[in-house]
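Asker: Pasting a predicted model and its sequence here:
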Amino acid sequence: MNDLLIIMKQELLLTLIIFVLLTLKIAKDMDNGAFLNLVNLLLAINFVVGFLGGMEGMLFNEMYHTNSLIILEKNILNLGTLIISLQSWSWLKDHKHVAEFYILLLCTLLGMFFMISAGNLLMFYLGLELSTIPLAAIANFDLAKRKSSEAAMKLIISSAFSSGLLLFGISLVYGSTGTLGFAGIAASYSADPMQLFAFVLLLAGFGFKISAVPFHLWTADVYEGAPVAVTSYLSVISKGAILFVLVPVLYTVFKPIAESWYNMLYLLSVVTIIVGNLFAIRQENFKRFLAFSSIAQVGFILVGITGSSSAGSSAVVYFVLIYIFSNLAAFGVVSFVSATTGREGISDYKGFYKTNPVLSWVLAIGLFSLAGVPPTAGFFGKFFLLLAGAGKGNYILLTIAALNMIISLYYYLRIVKAIFMDSNDHPIEKLSVPVFPKLALYLCMAGIVFTGFVRYVYDYIQSLSIGF
Amino acid sequence: MVPVLLILIPLITGAALFAVKQEATAKSIALLASLLSLALMLAGMSGYIDAAQMTYDQPWLGGINSRFHFALDGMSQLLCLLTTLSFPIIIYSTWNNRYDDSNRFFGLVLLSQAGLLGVFMALDALLFYFFWELALIPLYFLCSRWGGERRIQVTIKFFIYTFIGSLFMLIGLIMLYFKAGGSFAWSDFLNLKMTSGQELGIFLMLAIAFAIKMPLFPFHTWQPDTYEQSPTAVTMILSAIMAKMGVFGLLRWLAPIVPSATFLWGDNFATLAVIGMLYASFIAMRQDDLKRLVAYSSIAHIGLMILAIFAPSYSGIQGAMIQMFNHGINILGMWIVVNVIEQKFGTRKISELGGLAQKAPVLTILLVIVALANIAMPLTNAFIGEFMMFNGVLGSTATKFGLAYTIAALVTIILSAVYTLRMIQRVFYGETNELTSKATDISFNVKLSLAIIVVGIILIGVFPKPLLSLTSEVSADILGRMNLK
């Protein structure tokens, strides 16, 4: 029983928080300000407690397993959620349904935790659904906007479709191996046509969730329509969680067909980077722009995954951590501007530097980090991904990725130019940032500056992922 | 500890300057910091500091075997000396220039110095790459914030060119990393066993990056624009020091690491260098803008160094080494004069100036010496370097076309005399016009800066031995690796 408590402490704590919020909502009407303070405090506690007393182990007949790397991954997700929560303060403080928002949000996080810890395809599927369905509900949280409903609709339909693919794949896996446990599948998997087909279906399901090309079509519309908080959650946390699962699934469960998935991933990553980049160039809406840029980023992550070694695994975890900081720095500013002025076009940001120098720098550094310009952390993230991807000696892939870094640089710079250089008759007025969003932006800046250059972060992640 | 201090002094001061509000204070602090690093560098070279302190080696990113490894061998000392010497001169000679937010301006200048010093001392490929970028990024900001009218387009062009180069270099370094069995150490890159195809791949990746930086024809088109549009202090950094990053890269990270590809492809690059020299010289003759004239003359001079490296011999490599230093201080002198003229008259057009010698005799004398050094008159420093390079190219056993290269390169020396002297004649002699009739002679800071440079020019011109002996070991080592004498 004690083991159960310690091994599952992150899930249990999160469940507890969800129940506390639920009880509060039923019991008494708090005003939004106090409620948000409480929630952020709870999330901070949740993040800190995640680091205490980790323990490795398996539960429920190998349905659920955990180890130090998984604990770290959950902590990273906790951190991201905390930052997003701080950032959405200005949007939520006048919202009628704050409690519901957080309850749904934390439910999805709980689902992701179970998904990451899954040792069995069934558990994985349950976690995945728990993380998707509430997400569709909160995508609709700009209650007055039609676009928000449209986004929710698109998200639920595309999720349902991808879940269908996944389930079909899972059933074929079960049919051909007779088991759903990861260990059992790994032991009896081979490259016969049916099992390959099952794998392709599974990969397509994953592809939908991480919005790899050609499964990306829902991404831009959903990102644009959903409230910014949800968009950033979708692009950082939910993507990160799926990637955390994808890596061990590919590296351990489907190790017997490593040759085959290497080729698939190779193709997928090249197409994803190129298409994401080319579409990002043309975008005028900031959220759509970030959607396509995040598609391209996923392509880079796939390059790292093809490395198939402990270097690949640690590079992915490291990159997701840095990606959280960089993307949330950019999203944080966009989210704040959108909540206070309602402006989301890239051209609205012309002359932004004149009125809001500090926010401009935050946004610019976030974008530089996304582009992978040294000495920001984003460079180190990309560098380790490329290094892992080149581990197999595939320098063509490396070259394609590097060339695409140049293309991506172009469109990130385009925004930096708009912010700093262009003039605007109606620039966004001077904004004063409340304390919570400011704190979130500070966290992101500190992350961008320090996680790259300081060696301990990567060394720590690598020491945890030796296992593969 | 010396390398770390050399980097930390400008790095910390540069970052701290962002918080300093008073303009004069910021400038003084920047000057003091740059003088401090010069003093440290001189102390290190003169032997007051224990030789063991001249290297620094600590683990950095343990997971991929990357180390914080700096060392100051002869070539590094030469270039670090150039860097630490140039920065005080740059700051002091442009003392009277006005910048908005000058604290940030000088902060960025010092940050770029930290990056440059790191590039010249790094013996770990990842560290080298990191500092390479660190040196560039402040310059993007300097150019885009304080530059001329077309600064934005020009900065973006500059940025895209150099970033493309950097990424190629990164790919090359990653390839080397795997060839060296998972190590970024420079010493592990030497003597690798590679097929000629692999070696060629790595060679091209690195060579393109360095070619863009130097710049080598046909990768040079960013350079005249950037030199022209940057504030002159930044142009000084770009041409006096930054251009040497590329040459340094050839000598440290290319020729010794992939010697046989360098040998095989030497003629191609030497030919490009010669074409570039001729091309830049002819264009320089047609320039009316002082900055563009000096910019093109810089392409021609750097071209000669590239030629000497790709048609190698001991004398040629040594000549290129010493010429890196010489070209650095000579071109600095040219830029100081350009800056004075631009600040005084608000124009850089040669056609709008004239008769300055009557009004500013001191400036004229100093400039003439610098200009003579620029065209490699005997007794000046550049004569030593260029003579050695010609000698080296002519006697190189690595190429069959030594004679052809030498003749073509000699033509550019004549051309450089033509455009430099014609510029002097038109700007300084002849009749004064309305603009120049009210001119006064130069202020003390410019006099002192130019005087230091002129002393350096003549000193090295008559007594080059200390500088030559500094790099002799490195040059011999590079040639040894290419199986040449």
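Answerer: Yes, it's here.
Asker: So in the chain, where's the weakest helix or strand by average pLDDT?
Answerer: Using chain A here. In chain A, no helix or strand scores lower on mean pLDDT, DSSP states H and E than helix A:2-7, which sits at a mean of 72.
Asker: You answered for a different chain; I wanted chain B.
Answerer: Of chain B's SSEs (mean pLDDT, DSSP H and E), minimum confidence goes to helix B:434-437, a mean of 75.
Asker: Contacts for the helix or strand just after that helix next, please.
Answerer: Per DSSP states H and E, helix B:434-437 leads on to helix B:444-462 as the next helix or strand towards the C-terminus. With CB atoms under 8 Å, 6 or more residues apart in numbering or on different chains as the test, helix B:444-462 has contacts from B:89, B:92-93, B:95-96, B:322, B:325-326, B:329-330, B:332-333, B:336-337, B:340, B:362-363, B:366-367, B:369-370, B:373, B:378-384, B:442, B:467. Placement of C-beta: from N, CA and C, glycine included.
Asker: just to revisit the earlier point, could you list the buried residues of the least confident helix or strand of chain B?
Answerer: For helix B:434-437, burial by neighbour count (16 or more other CB atoms under 10 Å in any protein chain shown) applies to B:L435, B:T436.
Asker: I'd like to know which elements that helix is packed against.
Answerer: helix B:356-359 (3 or more CB pairs under 8 Å, 6 or more residues apart in numbering or on different chains; DSSP states H and E).
Asker: Average pLDDT for the helix it packs on, rounded please.
Answerer: For helix B:356-359, the mean pLDDT works out to 80.
Asker: what do you get for stretch B:229-238?
Answerer: pLDDT averaged over stretch B:229-238 gives 88.
Asker: and it with chain A, contact?
Answerer: No: Stretch B:229-238 lies out of reach of chain A by CB under 8 Å from any CB of the partner chain, never closer than 13.4 Å.
Asker: Can you give the distance from that stretch to the centre of its chain?
Answerer: Mean-position distance between stretch B:229-238 and its chain equals 12 Å (CA atoms, centre = their mean, to the nearest Å).
Asker: Could you do stretch B:28-35 as well?
Answerer: With CA atoms, centre = their mean, you get 21 Å for stretch B:28-35.
Asker: Quick check: buried residues in that stretch?
Answerer: B:I29, B:A30, B:L31, B:A33, B:S34.
Asker: For the residue nearest the centre of chain A, give me its contacts.
Answerer: Residue closest to the average C-alpha location in chain A (CA atoms, centre = their mean): A:V236, at 2.5 Å. Residues in contact with A:V236 (CB under 8 Å, 6+ apart) are A:G80, A:I84, A:Y323, A:I324, A:N327, A:L328, A:F331.
Asker: again, 6 Å this time
Answerer: A:G80, A:I324, A:N327 (CB atoms under 6 Å, 6 or more residues apart in numbering or on different chains).
Asker: quick revisit: now the buried members of the contacts of helix B:444-462.
Answerer: Using 16+ other CB under 10 Å, the buried members of the contacts of helix B:444-462 are B:89, B:92-93, B:322, B:325-326, B:329-330, B:332-333, B:336-337, B:340, B:363, B:366-367, B:369-370, B:373, B:380-384, B:442, B:467.
Asker: give me the number of residues near A:L126?
Answerer: 16 (other CB atoms under 10 Å in any protein chain shown).
Asker: Check the gap between it and A:L167 for me.
Answerer: Per CB to CB, to the nearest Å, A:L126 is found 12 Å from A:L167.
Asker: what's the answer for B:M242, then?
Answerer: Separation of B:M242 from A:L167 (CB to CB) stands at 58 Å.
Asker: Can I get the buried residues of stretch B:28-35 in CSV including distance to chain A?
Answerer: Shown next, in CSV, are the buried residues of stretch B:28-35 (distance: CB to the nearest CB, whole Å):
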residue, distance to chain A
B:I29, 22
B:A30, 21
B:L31, 26
B:A33, 20
B:S34, 21
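Asker: roughly how far out does the following helix or strand past the least confident helix or strand of chain A sit from the chain middle?
Answerer: Moving toward the C-terminus from helix A:2-7, the next helix or strand (DSSP H and E) is helix A:9-27. Here the centre of mass of C-alpha atoms in helix A:9-27, compared against the chain's by CA atoms, centre = their mean, lies 23 Å away.
Asker: Packing partners of the next helix or strand after helix A:9-27?
Answerer: Counting by DSSP H and E, the next helix or strand C-terminal to helix A:9-27 is helix A:32-49. Applying 3 or more CB pairs under 6 Å, 6 or more residues apart in numbering or on different chains; DSSP states H and E, we find helix A:32-49 packed against helix A:9-27, helix A:68-87, helix A:98-117.
Asker: Let's have those helices in TSV, adding mean pLDDT and mean neighbour count.
Answerer: TSV is the format used below for these (pLDDT from 0 to 100; neighbours: other CB atoms under 10 Å in any protein chain shown):
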stretch	mean pLDDT	mean neighbour count
helix A:9-27	86	16
helix A:68-87	88	24
helix A:98-117	90	23
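Asker: How is A:M58 assigned, secondary-structure-wise?
Answerer: Under DSSP: H, G, I helix; E, B strand; the rest coil, the three-state class of A:M58 is strand.
Asker: State the number of residues packed around it.
Answerer: 15.
Asker: hang on, it packs against A:H65?
Answerer: Yes: using CB atoms under 6 Å, A:M58 is in contact with A:H65, at 4.4 Å.
Asker: Can you pull out the low-pLDDT segments for the chain?
Answerer: Chain wasn't specified; assuming chain A. A:1-2, A:54, A:466-468 (pLDDT under 70).
Asker: Wait, chain B was what I had in mind.
Answerer: In chain B (pLDDT under 70), the answer is B:62, B:484-485.
Asker: Up against chain A, what does it have?
Answerer: B:60-63, B:130, B:133-134, B:152, B:163-164, B:167, B:171, B:174 (CB under 6 Å from any CB of the partner chain).
Asker: The residues you listed: which two are farthest apart?
Answerer: Spatial extent of the residues of chain B next to chain A (CB to CB) is set by the pair B:G62 and B:I152 at 41.4 Å.
Asker: ok and the residue in the stretch 101-250 of chain B nearest chain A?
Answerer: B:E133 (3.9 Å; CB to the nearest CB).
Asker: Just the element for that residue, please.
Answerer: Secondary structure assignment for B:E133, by DSSP H and E: helix B:125-146.
Asker: Could I have the CA atoms of that helix written out in PDB?
Answerer: Output in PDB follows, covering the C-alpha atoms of helix B:125-146 (Å, rounded to 0.1, in the frame of the first residue of the first chain):
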ATOM      1  CA  ALA B 125      34.600  22.200 -31.700                       C
ATOM      2  CA  LEU B 126      31.300  22.800 -30.000                       C
ATOM      3  CA  LEU B 127      32.800  25.600 -27.900                       C
ATOM      4  CA  PHE B 128      34.300  27.000 -31.000                       C
ATOM      5  CA  TYR B 129      30.900  27.000 -32.700                       C
ATOM      6  CA  PHE B 130      29.300  28.500 -29.600                       C
ATOM      7  CA  PHE B 131      31.700  31.400 -29.500                       C
ATOM      8  CA  TRP B 132      31.600  31.900 -33.200                       C
ATOM      9  CA  GLU B 133      27.900  32.600 -32.900                       C
ATOM     10  CA  LEU B 134      28.300  34.600 -29.700                       C
ATOM     11  CA  ALA B 135      30.700  36.900 -31.600                       C
ATOM     12  CA  LEU B 136      28.200  37.400 -34.400                       C
ATOM     13  CA  ILE B 137      24.900  38.000 -32.600                       C
ATOM     14  CA  PRO B 138      25.900  41.300 -31.000                       C
ATOM     15  CA  LEU B 139      26.900  42.500 -34.400                       C
ATOM     16  CA  TYR B 140      23.500  41.800 -35.800                       C
ATOM     17  CA  PHE B 141      22.000  44.000 -33.200                       C
ATOM     18  CA  LEU B 142      24.700  46.700 -33.500                       C
ATOM     19  CA  CYS B 143      24.200  46.900 -37.300                       C
ATOM     20  CA  SER B 144      20.400  46.800 -37.300                       C
ATOM     21  CA  ARG B 145      20.000  49.300 -34.500                       C
ATOM     22  CA  TRP B 146      22.800  51.900 -35.200                       C
END
